[in-house]
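Chemist: model this:
(chains A and B)
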Amino acid sequence: MTLSFLIPAIILLIGAAAANVLRNLVHCVLALTLTFAGFALLYLGLGAEFLGLVQLLVYVGAIAILIVFTVLLTGGGVQGERHVLSPRWFQGFVLSVLVFLLLGYGITKSSFTTHAATSVDSYPVSLIGDRLMTNYSLPLEILGVLLTAATIGGVVLAIREPRQQTKESE
Amino acid sequence: MTSLALYLLLAAMIFAAGLALAVTRRNAILVLAGVELMLNAANLNFLAFWRFGPHPEALTGFLFVMFSIAIAAAEAAIGLALILAVFRQSRTINIDQIEQLKG
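Modeler: Residues are numbered from 1 along each chain as shown, chains lettered A, B, ... in the order given. This is a model prediction of the structure:
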């Protein structure tokens, strides 16, 4: 167990636990941002520097901001909600504990044969680009189409319709 | 215990935390955030298997995580836009108070 595993792991667990425990919506989102940053640290420690930076840019930079904007637009963090948990939260909690116990049982019982864990050599970005442009060019194109469709879909869903038009259509 | 198993256990913990967040909260934003947490835990599994697998130079798990992050970004954008649309219809984003799908 090395330090490059231990420090991000502690950050991750604290962030995930805080996101579950805290009651204020904005505090929960901040704890989640901490968790995303912990993942980025973990990726850096695993020798995936590029992915660590992508994680920082996409999750901490974009998704956390999106979530904060949605909190702002829905007025969620302002009024003090008395019940933040769903009525049947206890069943959900038991379910997630059971899922963790099952996964942990499977992980500890199985024997993994690991290779090359000694050298944490990083791979140059040119190799990643090479792979993306040769072996993975079709998935990359499909991903471009998907992101375009998602952008258009997000705008269409979030755009405000004129009031009178919706009244007439009903 | 190998270091691969440690990474997998950590990912399992985060997955369980994300699942708990998704199923115990009333607020739709936090449900979506729990889903994001679970996706991240899955990404960590991919990266751990890539790093400790036999052929890390093939970059298979690495590129899988890259595609997964891009799809998660699209999913978050669509999900949050849906939450905004639902909020505009029913003035609430508590998922136990949203009772009708028809706007």
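Chemist: which residues touch B:Phe67?
Modeler: B:Phe67 sits next to A:139, A:143 when contact means CB atoms under 8 Å, 6 or more residues apart in numbering or on different chains. Every C-beta, even on glycine, is put in place using the N, C-alpha and C of the backbone.
Chemist: could you say which helix or strand contains the residue nearest in space to the middle of chain B?
Modeler: By CA atoms, centre = their mean, the mean C-alpha position of chain B lies nearest to B:Glu36, the distance being 2.5 Å. Here B:Glu36 sits within helix B:28-52, counting by DSSP states H and E.
Chemist: Quick one: name whatever helix or strand follows that helix.
Modeler: helix B:60-90.
Chemist: So, low pLDDT: which residues of chain B?
Modeler: Residues of chain B that meet the criterion pLDDT under 70 lie in B:1, B:103.
Chemist: what about stretch B:87-101, start to end distance?
Modeler: Taking CA to CA, to the nearest Å, the span from the opening residue of stretch B:87-101 to its closing residue is 12 Å.
Chemist: Whether it contacts chain A - can you check?
Modeler: Yes. Residues of stretch B:87-101 contacting chain A under CB under 8 Å from any CB of the partner chain: B:87-88, B:93, B:95-96.
Chemist: contacting residues around that stretch?
Modeler: With CB under 8 Å, 6+ apart, stretch B:87-101 has contacts from A:73-74, A:76, A:86-87, A:160, B:26-29, B:31, B:83, B:86, B:103.
Chemist: Now it: buried residues?
Modeler: Buried residues in stretch B:87-101, counted by 16 or more other CB atoms under 10 Å in any protein chain shown: B:87, B:92-94.
Chemist: From those residues, which land in strands?
Modeler: Judged by DSSP state E, the subset of the buried residues of stretch B:87-101 located in strands is empty.
Chemist: What is the nearest of those to B:Asn40?
Modeler: B:Ile93 (22.5 Å; CB to CB).
Chemist: Can you tell me the closest non-neighbouring residue to that closest one?
Modeler: Closest residue to B:Ile93 apart from its sequence neighbours, by CB to CB, 6 or more residues apart in numbering or on different chains: B:Ala28 at 4.4 Å.
Chemist: Repeat that for B:Ala76.
Modeler: A:Ile63 (4.7 Å).
Chemist: got a list of what that neighbour touches?
Modeler: A:Ile63 neighbours (CB under 8 Å, 6+ apart): A:36, B:36, B:72-73, B:76.
Chemist: residue ranges for the helices of chain A, please.
Modeler: Along chain A, the segments classed as helices by DSSP state H run A:3-21, A:25-45, A:49-55, A:64-74, A:89-109, A:125-133, A:137-158, A:163-169.
Chemist: picking that back up, for the helix holding B:Glu36, which helices and strands make contact with it?
Modeler: helix A:3-21, helix A:25-45, helix A:64-74, helix B:3-24, helix B:60-90 (3 or more CB pairs under 8 Å, 6 or more residues apart in numbering or on different chains; DSSP states H and E).
Chemist: Swap in 10 Å and give it another go.
Modeler: Packed against helix B:28-52 by the contact rule (3 or more CB pairs under 10 Å, 6 or more residues apart in numbering or on different chains; DSSP states H and E) you find helix A:3-21, helix A:25-45, helix A:49-55, helix A:64-74, helix B:3-24, helix B:60-90.
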